[in-house]
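Trainee: below are the sequence and a predicted model for it; my questions follow.
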Amino acid sequence: MGKPLDLKHSCYPATLLENRRITTPDAIADVRHLALSIDPKVLSYRPGDALGVWFHNDPALVEALLAELSLDGAAPVSLGDGELSLRQALSERLELTQLHPTGVRAWADLARADDLSELAADAARLRAYAGERQFIDLVAAHPARIDAGTLVGLLRPLQPRLYSIASSQAEFEDEVHLTVSVVSYQAHGRDHLGGASGFLGARVGDRDPVRVYVAENEGFRLPEDGATPVILIGAGTGVAPYRAFLQARAANGDAGRHWLVFGNRHFHRDFLYQLDWQAQRKAGRLHRVSLAFSRDDAEKRYVQHRLREEGRELLRWLEDGAHLYVCGATAMGQAVHRALLEILAGEAGLDPDAAEDYLDNLRRAARYHRDLYA
Ligand SMILES: Cc1cc2nc3c(=O)[nH]c(=O)nc-3n(C[C@H](O)[C@H](O)[C@H](O)COP(=O)(O)OP(=O)(O)OC[C@H]3O[C@@H](n4cnc5c(N)ncnc54)[C@H](O)[C@@H]3O)c2cc1C
Ligand SMILES: NC(=O)c1ccc[n+]([C@@H]2O[C@H](COP(=O)([O-])OP(=O)(O)OC[C@H]3O[C@@H](n4cnc5c(N)ncnc54)[C@H](OP(=O)(O)O)[C@@H]3O)[C@@H](O)[C@H]2O)c1
């Protein structure tokens, strides 16, 4: 058996088996369930791991940028490890969809744009400016002449993106599943697509290899004892690893109880993997489900609201030794943390320091796991 590939740069060429939208056409987010074919002798992963995905930039974006800069895509450029065409460098090697503050500063100098230089001198404004633009927005707003060599020196190397793995190899030995929310927005007079999510959601064909690697996530593992109860809290695509958890525990025949706390925008539009959860519930493996749909009612309801309402039950599960998992956006994770502190104060009568200590102890005992990102 070969050594599993898990290094960022030693990638495995997976192929696409399935790309299915799992939100309704009128849902706010276009979320995709993707199944990739892998050779389990070469690529192995565990529940909780993420998949690193290398991608190619959108050809339409590359052509638009070449046109904007009046550059010839066939021009040869060097990226340190040999020569390639500018078009290939922009497509495969350089970051176009995430704008970095250093790129804005460099462009401000090149374009001799005083307003941009002034903005770039203010770190907070610069970060905000870069955070809501792609490179093409910058160059379209501040035209300047640049040669191909200078351009490739100015752009940062393309970085892979991580996606929580939504399957267990105990059930899908030669597949890896992802739950990808396609980043798509209108701004600065153009349609924008996220680099990797646009690639995975819209551009990968079923014959194209998708270069992937496993990013191990030791801090987000199921308890060793399959009888331990688990509380799985996630909003949006943050629910992805829990599908893997339940599959793994089902395959093991584990008897532990599972409580899913899931939030998204609309029950009828984006209840991700609803059928999976129903099947797990029918099979007696999902013991409790708490849902929070933020845009179904006049008032926002988030996962932390459900937790507060069910604080007494949460405490009972924790007293029974449950492990807590939180996955999704950082703001959600922070709000859940605050809700946990309030529950410990309200239901267990702990003062603020004692409540923090309680969660610290849970974390030290590897019973409070968080996987959060911006
Ligand atoms: C450990 C981990 C696990 C993850 N798991 C998942 C997962 O399971 N599913 C999932 O979908 N994602 C997941 N992510 C996020 C994922 O890695 C990518 O960050 C995400 O898909 C966006 O990447 P992209 O290349 O498509 O977009 P990028 O090209 O990186 O563009 C994103 C950037 O676009 C800008 N932007 C976005 N929206 C707007 C807007 N409305 N207006 C202006 N600017 C905007 C922001 O600057 C943002 O940083 C995970 C991240 C981590 C770290
Ligand atoms: N696990 C992940 O994969 C992950 C984690 C974080 C971010 N992202 C990225 O975020 C983008 C969108 O992802 P998504 O639509 O799946 O999830 P999302 O934007 O995190 O939204 C999911 C749900 O969380 C709610 N929410 C917003 N703020 C909250 C808060 N402070 N506390 C609790 N809940 C809150 C949203 O409600 P409202 O919108 O109604 O306010 C929505 O109902 C994607 O591009 C993805 O890459 C992904």
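Mentor: Structure's in. What do you need? Ligands and ions are numbered 1, 2, ... in the order given.

Trainee: show me the domain layout of the protein.
Mentor: 12-53+160-215, 59-154, 230-373 (automatic domain parsing).

Trainee: what about the residue of the stretch 51-200 of the chain found nearest ligand 2, how many residues nearby?
Mentor: Nearest residue of the stretch 51-200 of the chain to ligand 2, counting by CB to the nearest ligand atom: residue 181, 3.8 Å away. No exception for glycine: its C-beta is placed from N, CA and C like everyone else's. Residue 181: 20 surrounding residues under other CB atoms under 10 Å.

Trainee: for the stretch 51-200 of the chain, what spans make up the strands?
Mentor: All strands of the stretch 51-200 of the chain, identified by DSSP state E, counting those that start in this stretch, fall at 76-78, 83-85, 161-164, 175-182, 184-187, 190-193.

Trainee: returning to that earlier point: for the domains of the chain, give me CSV that also has mean pLDDT.
Mentor: Supplementary listing: these in CSV, determined by pLDDT from 0 to 100:
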stretch, mean pLDDT
domain 12-53+160-215, 96
domain 59-154, 96
domain 230-373, 97
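
Trainee: same list (these) but as TSV, adding distance to ligand 1.
Mentor: Compiled in TSV, the domains of the chain are given as follows (distance: least, CB to the nearest ligand atom, whole Å):
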stretch	distance to ligand 1
domain 12-53+160-215	2
domain 59-154	3
domain 230-373	4
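
Trainee: for ligand 2, what are the nearby residues on the stretch 251-374 of the chain?
Mentor: Along the stretch 251-374 of the chain, the residues adjacent to ligand 2 under the rule CB under 6 Å from any ligand atom are 263-265, 294-295, 300, 302-304, 327-329, 331-332, 335, 373.

Trainee: which among those residues end up buried?
Mentor: Of all these considered here, the ones buried according to neighbour count by 16 or more other CB atoms under 10 Å are 263-265, 294, 302-304, 327-329, 332, 335.

Trainee: taking those one by one, which sit in helices?
Mentor: With helices taken from DSSP state H, the overlap with these comprises 303-304, 332, 335.

Trainee: and those, which is closest to residue 38?
Mentor: Top of the list for closeness to residue 38, among these and by CB to CB, is residue 332 at 30.2 Å.

Trainee: now the stretch 101-250 of the chain against ligand 2: closest residue?
Mentor: Of the residues in the stretch 101-250 of the chain, the one nearest ligand 2 is residue 236, at a distance of 2.3 Å by CB to the nearest ligand atom.

Trainee: what does stretch 27-35 contact?
Mentor: Residues outside stretch 27-35 that contact it (CB atoms under 8 Å, 6 or more residues apart in numbering): 16-23, 166-167, 172, 175-182, 184, 200-201, 236-237, 265-266, 269-270, 272-273, 295.

Trainee: what of stretch 223-231?
Mentor: Here stretch 223-231 makes contact (CB under 8 Å, 6+ apart) with 222, 245, 249, 252-259, 261, 314, 317-318, 320-325, 367.

Trainee: in contact with the residue nearest to residue 337 when sequence neighbours are not counted, which residues?
Mentor: With CB to CB, 6 or more residues apart in numbering as the criterion, residue 337 has its nearest non-adjacent residue at 7.2 Å, and that residue is residue 359. Residue 359 sits next to 337, 340-341, 344, 368 when contact means CB under 8 Å, 6+ apart.
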